[in-house]
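Trainee: Generate a structure from the sequence data that follows.
(2 chains)
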Amino acid sequence: MNTNHYEVIIIGGGPAGLTAGIYLSRARVKTLILNEGTIGGQMVLTHEIANYPGVESVSGYQLSNIMKRQALSFGCEIRSNISIKEFNLSQKVKSFVISDGTTYTGDAVIIATGGRSRTLGVPGEDLLKGRGISYCATCDGDFFTDKEIVVVGGGNSALEEAVSLTKYASKVTIIHQFDHFQAFEHAIAEAKSNPKIIFVMESTITAFYGEERLESVGIKNLKTDETINFKTDGAFIFIGYVPNTEFLKERVNLNQWGEIVVGPDMSTDIEGVFAGGDSITKRYRQVTTAVSDGTIAALSASAYINELKKSTRI
Amino acid sequence: MLYTNLKHIESAAQYNKILSENENVMVICGRMGPMCIPVYGIAEELEGEYKHVQFFDMEFDNPESYVIRNLPEVRGFMGIPFTIYYKNGVIVKATSSIQSRDMITAILDKEFGAPNKG
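Mentor: This next block holds a predicted model:
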């Protein structure tokens, strides 16, 4: 018997993947979670979760560890911090080859790869990450005490974090590509009433400059096409999330934003392949909705496995 | 307090003792935040694999962490965690902010040698 064969392989160890792992393992379905990053996904990055029903307040890190322990306790196997080198979803038996060369096969697959912070992808960004460029105000805000910084973005995260960064920075310049913000009214009002915040609208960052640390950014005015070199000590980037589905292009049906198209039972366009969590097409992305998706995907995958067993017996 | 499964360094004296007694050391100096937790998680997993390397963490806000915060190698760092790699007590590499498993193993393999899989 091939010990690397599982009834269900789950790709992703965030709340959707872990929930699916808990449900399937508890139902005695041989299950493996393959996870490219740290278990917990974006949930682990949340300082406090206060709206998860039944739990008054918990850190994302703690909730991730509880879910992981729950899944392991039912016999779910987890391999994290791996990368998938090759995979095949179109055959009846699905397969994945990971970075150390191990091949895993499964009768059904649940894709729960989640999303990640969008980066600008402009010159200098990779080089100066951690040297003036940050994606986390609560982590790195205090490095910018009495310094002048820019915040890139126009959604709730950008405006709320810009306000929180005024606790440290002497001046915060919000750079946004449109002439209006996408954030909620209260977030816009709070940012606009803060005397430390100024706004550069209809503009975008073209490059980050600096040797040992960030020294300036190129800002292009999208109306006039004029680009200026703007001196700054730091840049915080909050421009939304992208689904982790690039590797599925032309393999699974994705919509125009790269989100996986699923049915009400979380099935994709490929037989035996289900999906859930932040990587699917849906309106609201919360830990609770990911948990719901994971449950539905697990029950659907379980039903699929049972049908498969029945048809094999016949 | 760092809620990780890594060994914690809590004082400058302990830090100096560890560096004087171990050939290959990795110290992650951070907080329980989004950029740090993934790095602790990777180090926890690598501990079993890289048995010739000693992995530690140190709380960034512990006053004793000046031993890391004041290193010339971290000048210009403006993102936690500060991750420092030591060979016989000498710094061979230092990184700032979140790192991937591939980035970390590339440094470990280069500076300390790949783990013996045999």
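Trainee: Quick check: longest strand in chain A by residues?
Mentor: In chain A, taking DSSP state E as the definition, the longest strand is strand A:103-111.
Trainee: pLDDT averaged over that one, what's the number?
Mentor: Averaged across strand A:103-111, pLDDT comes to 97.
Trainee: Give the pairing partners of the helix or strand following it; include direction for each.
Mentor: The helix or strand immediately downstream of strand A:103-111 is strand A:115-117, counting by DSSP states H and E. Next to strand A:115-117 in the sheet, as set by DSSP bridges, lie strand A:241-243 (antiparallel).
Trainee: which element follows the strand it pairs with toward the C-terminus?
Mentor: strand A:273-275.
Trainee: what's that following strand in contact with?
Mentor: The list of residues contacting strand A:273-275 from outside it, by Cβ atoms under 8 Å, 6 or more residues apart in numbering or on different chains, reads A:89, A:94, A:108-112, A:252, A:260, A:262, A:265-268, A:293, A:297, A:300-301, A:304. Glycine gets a C-beta too; all of them are placed from N, C-alpha and C.
Trainee: So for it, what gets flagged as buried?
Mentor: The neighbour-count check on strand A:273-275 (16 or more other Cβ atoms under 10 Å in any protein chain shown) flags A:273, A:274, A:275 as buried.
Trainee: With stretch A:26-38 instead?
Mentor: In stretch A:26-38, counting by 16+ other Cβ under 10 Å, buried: A:26, A:27, A:29, A:30, A:31, A:32, A:33, A:34, A:35, A:36, A:37, A:38.
Trainee: First-to-last residue distance for stretch A:14-34?
Mentor: One end of stretch A:14-34 to the other measures 11 Å (Cα to Cα, to the nearest Å).
Trainee: just the buried residues of strand A:273-275 now: which is nearest residue A:180?
Mentor: Residue A:180 lies nearest to residue A:275 out of those, by Cβ to Cβ, at 33.2 Å.
Trainee: Just the buried ones from the contacts of strand A:273-275?
Mentor: A:89, A:94, A:108-112, A:252, A:260, A:262, A:266-268, A:293, A:297, A:300-301, A:304.
Trainee: ok, now how distant is the closest residue to residue A:88 other than its chain neighbours from chain B?
Mentor: Leaving aside its chain neighbours, residue A:88 sits nearest to residue A:95 (4.9 Å; criterion: Cβ to Cβ, 6 or more residues apart in numbering or on different chains). As judged by Cβ to the nearest Cβ, to the nearest Å, residue A:95 and chain B stand 22 Å apart.
Trainee: Which residues are in contact with residue B:40?
Mentor: For residue B:40, the contact set (Cβ under 8 Å, 6+ apart) comprises B:2, B:4, B:6, B:28, B:30, B:57, B:81.
Trainee: got it, and residue A:102?
Mentor: Contacts for residue A:102 (Cβ under 8 Å, 6+ apart) come out as residue A:4.
Trainee: ok, now the one 3 residues further on?
Mentor: Applying Cβ under 8 Å, 6+ apart, one finds that residue A:105 lies in contact with A:2, A:4, A:5, A:6, A:9, A:93, A:94, A:95, A:96.
Trainee: and the least confident of those residues?
Mentor: Ranked by pLDDT, the contacts of residue A:105 bottom out at residue A:2 (62).
Trainee: for chain A, what are the nearby residues on chain B?
Mentor: Within chain B, the positions lying close to chain A (Cβ under 8 Å from any Cβ of the partner chain) are B:3, B:31-38, B:41-42, B:45, B:75-80, B:95-98, B:100-102.
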